[in-house]
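Undergrad: My questions are about this predicted structure, shown below with the sequence.
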Amino acid sequence: MTTDTDQHSPPPIQELERVTIRFAGDSGDGMQLTGTQFTRTAAVFGNDIATLPDFPAEIRAPAGSLAGVSGFQISLSSAEIHTPGDSPDVLVAMNPAALRANVGDVPAGGAIVVNEDAFTKQNLAKAGYEANPLEDGSLNDFNVFEIPVGKLNARALEGLDMSTKQVDLTKNFFALGVMFWLFERSMDPTIKWIEKKFAARPVIAEANLRALKAGYAFGETTEIFHTSFRVKPAKLPAGTYRNITGNEAASLGFVAATKLADRELFYGSYPITPASEILHQLSTYKHFGVRTFQAEDEIAAIGSAIGAAFGGALALTASSGPGIALKGEAMGLAVMVELPLVIVNVQRAGPSTGMPTKNEQSDLLQAMYGRNGDAPLPIVAPATPAECFDCAIEASRLALKYMTPVVFLSDAFLATGSEPWRIPEPSDLPDISVPNHTDAANFQPYDRDPDTLARPWAVPGSPGMEHRIGGLESADTTGQVSYDPDNHQRMTDLRARKVAGIADDIPDLDVFGPESGDLLILGWGSTFGALRTATERLQRSGYAVAHAHMRHLNPFPRDTGDVLASYRRVLIPEINTGQLRLLIRGRFLVDAVGLNRVRGKPFPVSEVMSAARLLLDEDR
Amino acid sequence: MTDTTGPASATQPLKLTRKDFVSDQEVRWCPGCGDYSILAQTQRVMPDFGYPRENVVFISGIGCSGRTPYYMNTYGFHSIHGRAPTLATGLKIARPDLMVWVVTGDGDALSIGGNHIVHTLRRNVDVKILLYNNRIYGLTKGQASPTSEFGKRTKSTPEGTIDQPVVPPSLALASEATFVARTIDTYAEHIKETLEAAGRHKGSAFTEVLQNCNIFNDGAWREFTDRDVRDDRMLRLKHGEPMIFGKARDRGIILDGTKPEVVELGKGVEESDLLVHDETDDMLAYILSRMFWPEYPVPIGIFRRVKKPTHHQLVAGQIELVRADKGEGVLRDLLFTSDAWETS
């Protein structure tokens, strides 16, 4: 983490290109809040940032236990970055359990800031430490800064009408203040945030402000840190930016889509981690005409969306893998009745309940095939948190234009991770509107547009076009119930052709690197950052490596076969056991090699590089 | 927003007849099925509501009842097993202007779709739910249903069912339904007046139609619905009127504590001693829903009818409120927030 050092003192300032900080504490310690505040401040300063929240499924696991450790990692940089960093340069550990759960990720020489007050016998035992790591020399490889956060914070808050427990809850702001000083960040955005957030509770506001300022002052006045660090603003393309998570971006994207489609948004949903934020957010957009419906279960959520689509709304439902499994039958119904619908899957580690807050990409085959019968539907997958905005519009566009359900495959990392997003001008966004069918004289429910093969959308209320649709096989054109063998063959083929034809309406693969060469790294979804960074580094080392990242997984872009054939080897890293690889091998007969890890975490860049090197070097 | 439910073209009174609601599809229930009569009465009452055909939607699930939408010349959706109320809810939220009917059966509504019935009713979604109850799975050829009587021998229960049957009006009342009624497939006059009341109710209208399956459960309700015994074995509920029944109108119901009791009129019991039906009394409604043959005459008619805001009115009300507070949403303002920063 060293580049050049300023000679001014005190305090010397070290200028860094990039730094990665991890805040870790009890899940009740407010680490997510601390991380988010640091992120906002870094973003406003203009750093390129990438974040990775990592929290347990238990809202309050036993205090001080390993199971209850919550973390938030942020990487900030003066250059463009793609990942929240493999390992933290600085670890802030609020208790022994947080230290124990995270110290393995800190490279030798890294900095560890600990709240020494929390290293009591009891807490050490809860974390499984037999000896105090602050005393037994086990941390000798690191720069350890011991700060009595609890005591100092309590002193700063003296005289306020608060219980000891309440005082203790503010110590995350003390830690945040220390970090602000250490990284030369202004406290202003957080001060404003506290004042607004706790406007109705002046004592709490005052306490948090005092804690924050005390932390900052501690950094400034003590000599515990020998340097502070500076990470300059990044040179991002000109524009207006805001920091955004994937779930936020998706929600905004769907609101934008309704405006672009000139239809009202209906959102039917059942709460599930990590998709619930979309429900929370969309429910605040009633002034945009957004109608959110918290259904009694996952099936009712999609059922209501199908009903709304029948009525002419832009209909949306979202869930995570277990909920999508419940929606399977209704997704098949949407395929059969050919109504537009977007189904968001914010993937998490499975199978079954799995690890609800941890990341995985293991629902691709579920999206492709997880229904009875041959039930094809398009799949789009954002690669970064900000891209969730564009993908929401793209999924809506395809659903409306082709009269089909569309799966939007996000994941926990995209949903909760954040990055700066260049905000688009609404006038630059595409028109995705499709008209209702109005020509009653020539209406047949299963007539088809010759180009898109979409059937007409005649919504209730349109006179002269009263018709019935349903899950039974429909006769071509008329839509009457049909058991005719040839008709079923024809309709099955039509449903497949309609989805396959979308390949003519989506961009070619965006290949980063040489048009042909030794290795293509092919990926999809949230592995983008790790794959792009690994590719850049390999290219700098002189390898003929390219990276292509798929945003459309069904159908594949038209040129996919040609691109695959242009490289000697193909590596497909995925956070699953090889689902895209199976599809690619089956479709293109390419001997693609997988790199598959399911540890609930994003790929480290280093692992991608090792796997790539292995392939590159074995051929030499 | 005001309640948009209502006949669409008030200025031009519609003169539709039963035939306007008959689709061109050949009806394919078994000959002699009770569904024919329910369908005919449904088509007959539709013109009375004043809705143009295109503003009416019939939604069904799976089972014999599920075929109903094909036979109604309106918009229709034959969905999947048990889920019709969910589609109806979404449709009604998106399109409050439509009149939405759900047609379901005892298996569809009370077994696989039990959850949705409960929640649709408690939300007071403005849909008319017709539950055709024949106490058997007909389309799958004769298994026990959630309303089959305890001990009933069926293909799937050769030694008799060991499950207690669900009483549909009790369940509907427990689900906070604002309209709960029961009628009978073969009782044309009664089914018509009940469907009319259901159609005019603003909110969830739950109607159980006791229906015969002459193939797999013939005589499902015969003991008390047959023409020659029905006046003696059923109790027609009428709001504000004392509970009298019997061909000779010589018997009535009184309440002993919380328990209803059948009494004979004249022998020291006057009409004024009898229980008077009150559609707005939900305690009474529940007591009535527990009365069944042979201990009691089976109540038919409207158990409960109360006015409450409908789900779509509440949805629209919140949208109105937020719009009044924040103004109509502007996309650019939503995207460009105050914490955004510029780079050059």
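TA: Happy to help now that I have it. Numbering: from 1, shown residues only, chains lettered A, B, ... in the order given.
Undergrad: Confirm that B:Ser111 sits in a helix.
TA: Yes: remark: B:Ser111 belongs to a helix, assigned using DSSP: H, G, I helix; E, B strand; the rest coil.
Undergrad: Could you pull up the contacting residues of the residue nearest to it when sequence neighbours are not counted?
TA: Using Cβ to Cβ, 6 or more residues apart in numbering or on different chains and skipping the chain neighbours, the partner closest in space to B:Ser111 is B:Pro146 (4.7 Å). The C-beta positions use only the backbone N, C-alpha and C, and glycine is treated the same way. Neighbouring residues of B:Pro146 by Cβ atoms under 8 Å, 6 or more residues apart in numbering or on different chains: B:Asp106, B:Gly107, B:Leu110, B:Ser111, B:Gly114, B:Asp163, B:Pro165, B:Val166.
Undergrad: A:Ser320 is in contact with A:Gly354, correct?
TA: No: counting by Cβ atoms under 8 Å, A:Ser320 is not a contact partner of A:Gly354; they are 9.2 Å apart.
Undergrad: Give me the more crowded residue out of the two.
TA: More crowded of A:Gly354 and A:Ser320, by other Cβ atoms under 10 Å in any protein chain shown: A:Ser320, with 27 against 19.
Undergrad: Pretty sure that one sits against A:Glu277.
TA: No: at 11.7 Å, A:Ser320 does not count as touching A:Glu277 under the criterion of Cβ under 8 Å.
Undergrad: Find the nearest non-adjacent residue to A:Pro56, please.
TA: A:Ser27 (5.6 Å).
Undergrad: Could you point out the helix or strand that follows the helix or strand that contains A:Gln14?
TA: Taking DSSP states H and E as the definition, one finds A:Gln14 inside strand A:13-16. With elements assigned by DSSP H and E, the helix or strand that comes after strand A:13-16 is strand A:18-26.
Undergrad: hmm, back to that, what touches both of A:Gly354 and A:Ser320?
TA: Residues touching both A:Gly354 and A:Ser320 by Cβ under 8 Å, 6+ apart: A:Arg348.
Undergrad: count of neighbours near the residue nearest to A:Pro56?
TA: 22.
Undergrad: can you check the one 4 residues further on too?
TA: The number of residues packed near A:Met31 is 26, by other Cβ under 10 Å.
Undergrad: my guess is it contacts A:Lys171, does it?
TA: No: if you go by Cβ under 8 Å, A:Met31 and A:Lys171 don't touch, sitting 11.1 Å apart.
Undergrad: Common neighbours of those two, please.
TA: Residues touching both A:Met31 and A:Lys171 (Cβ under 8 Å, 6+ apart) are A:Met94.
Undergrad: so who does A:Thr34 touch?
TA: When contacts are counted by Cβ under 8 Å, 6+ apart, A:Thr34 touches A:Phe23, A:Phe72, A:Asn172, A:Phe173, A:Ala175, A:Leu176.
Undergrad: So the fourth one: helix, strand or coil?
TA: The reference is to A:Phe173. Under three-state DSSP, A:Phe173 falls in the helix class.
Undergrad: What of the last one?
TA: The three-state label for A:Leu176, taken from three-state DSSP, comes out as helix.
Undergrad: what's near enough to touch it?
TA: A:Thr34, A:Gln37, A:Phe38, A:Thr190, A:Leu212, A:Gly215 are the contacts of A:Leu176 under Cβ under 8 Å, 6+ apart.
Undergrad: next one: the second one
TA: The contact partners of A:Phe72, taken as Cβ under 8 Å, 6+ apart, are A:Arg22, A:Phe23, A:Ala24, A:Met31, A:Gln32, A:Thr34, A:Gly35, A:Thr36, A:Thr51, A:Leu52, A:Pro53, A:Asp54.
Undergrad: and with 10 Å instead?
TA: Remark: with contacts taken as Cβ atoms under 10 Å, 6 or more residues apart in numbering or on different chains, A:Phe72 is in contact with A:21-25, A:30-39, A:51-55, A:84, A:92, A:416.
Undergrad: Return the distance of the nearest residue to B:Trp293 once chain neighbours are set aside relative to chain A.
TA: In space, not counting the residues next to it along the chain, B:Trp293 is nearest to B:Phe224; the distance is 4.5 Å by Cβ to Cβ, 6+ apart. Distance, B:Phe224 to chain A, using Cβ to the nearest Cβ, to the nearest Å: 34 Å.
Undergrad: State the pLDDT value of B:Phe224.
TA: Reading off the confidence values, B:Phe224 has pLDDT 97.
Undergrad: Beyond the one helix or strand it maps to, next helix or strand please.
TA: Using DSSP H and E, the element containing B:Phe224 is helix B:222-225. Sequence-wise, the next helix or strand downstream of helix B:222-225 (DSSP H and E) is helix B:230-233.
Undergrad: What is the helix or strand that comes right after that next one packed up against?
TA: As assigned by DSSP H and E, the chain's next helix or strand after helix B:230-233 is strand B:234-237. If contacts are counted by 3 or more Cβ pairs under 10 Å, 6 or more residues apart in numbering or on different chains; DSSP states H and E, strand B:234-237 sits against strand B:179-184, strand B:244-245, strand B:251-256, helix B:282-289, strand B:298-305.
Undergrad: elements contacting the second one?
TA: With contacts defined as 3+ Cβ pairs under 10 Å, 6+ apart, strand B:244-245 has these neighbours: helix B:230-233, strand B:234-237, strand B:251-256.
Undergrad: Now find how far off-centre the helix of greatest length in chain A is within its chain.
TA: Looking across chain A with DSSP state H, the single longest helix is helix A:202-221. Put simply, helix A:202-221 sits 32 Å off its chain's centre (Cα atoms, centre = their mean, to the nearest Å).
Undergrad: How about residues contacting the next helix or strand along the chain from it?
TA: Scanning forward in sequence from helix A:202-221 by DSSP H and E, the next helix or strand is strand A:228-231. Contacting residues not belonging to strand A:228-231 are listed as A:1, A:6, A:10-19, A:21, A:42, A:45, A:47-49, A:75-79, A:89-90, A:111, A:181-185, A:219-220 [Cβ under 10 Å, 6+ apart].
Undergrad: which of the residues you listed are close to chain B?
TA: Contacts with chain B are made by A:Phe45 out of those, judged by Cβ under 10 Å from any Cβ of the partner chain.
Undergrad: Can you flag the buried ones in the contacts of strand A:228-231?
TA: A:11, A:14, A:16, A:18-19, A:21, A:42, A:45, A:47-49, A:75-78, A:89-90, A:111, A:181-183, A:185, A:219 (16 or more other Cβ atoms under 10 Å in any protein chain shown).
Undergrad: mind listing which of those are in strands?
TA: Among the buried ones among the contacts of strand A:228-231, the subset assigned to strands under DSSP state E consists of A:Gln14, A:Leu16, A:Arg18, A:Val19, A:Ile21, A:Asp48, A:Ile49, A:Ser75, A:Leu76, A:Ser77, A:Val90, A:Ala111.
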